[in-house]
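Enquirer: Using only what follows, build the 3D model:
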Amino acid sequence: ILFGLKPHFALISSSILLICLLWALIHENILDSLYTWPIILLSLIALFIGYYGGWKIEFLQRKLYWSLKQQKELSLKILTSTS
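Expert: Reported below is the predicted structural model:
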């Protein structure tokens, strides 16, 4: 993962780096902009999909964490009430 960040932040930063690299290559006339704009468009689409996916995964991880924490607290209450 880029720079030790969470996956969706790494995706954002790598997409920004890709777009900046492509922009520099267009500006220096190394790449023809006709071929590069579809790559930039696809990277932006991947950026939005990846960011949403990363956010959704993080949300589900938090939900699972709190669910397990509540189950643990409930089982501790049951154990202490029976003894």
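Enquirer: From here on, just use CA atoms for contacts and neighbour counts.
Expert: Fine.
Enquirer: Low-confidence ranges, the chain, go.
Expert: Low-confidence regions of the chain, defined by pLDDT under 70, span residues 1-10, 54-55, 83.
Enquirer: ok, which stretches of it are helices?
Expert: For the chain, the helices defined by DSSP state H occupy 7-27, 33-82.
Enquirer: deepest of those helices, which one?
Expert: Among the helices of the chain, ranked by average contacts under mean count of other CA atoms under 10 Å, first place goes to helix 7-27 (a mean of 17).
Enquirer: got the angle for that one vs helix 33-82?
Expert: Per axes from the mean of the first three to the mean of the last three CA atoms, to 10 degrees, the angle that helix 7-27 makes with helix 33-82 is 170 degrees.
Enquirer: How far away from the center of its chain is helix 7-27?
Expert: 14 Å (CA atoms, centre = their mean, to the nearest Å).
Enquirer: Which neighbouring elements make contact with it?
Expert: helix 33-82 (3 or more CA pairs under 8 Å, 6 or more residues apart in numbering; DSSP states H and E).
Enquirer: what's the helix it packs on packed up against?
Expert: Short answer (3+ CA pairs under 8 Å, 6+ apart): helix 33-82 packs on helix 7-27.
Enquirer: What distance do you get for Ser43 to Trp23?
Expert: Per CA to CA, to the nearest Å, Ser43 is found 13 Å from Trp23.
Enquirer: Let me see the contact set for Lys25.
Expert: Residue 25: Leu, not Lys. Leu25 is in contact with Leu31, counting by CA atoms under 8 Å, 6 or more residues apart in numbering.
Enquirer: Ser67 too?
Expert: Residues in contact with Ser67 (CA under 8 Å, 6+ apart): none are found.
Enquirer: Could you check how far it is from Lys56?
Expert: Taking CA to CA, one finds Ser67 at 16 Å from Lys56.
Enquirer: Please apply the same query to Arg62.
Expert: 10 Å.
Enquirer: cool, Trp37 as well?
Expert: Look at Trp37 and Lys56: by CA to CA, they are 29 Å apart.
Enquirer: Cool, thanks, signing off.
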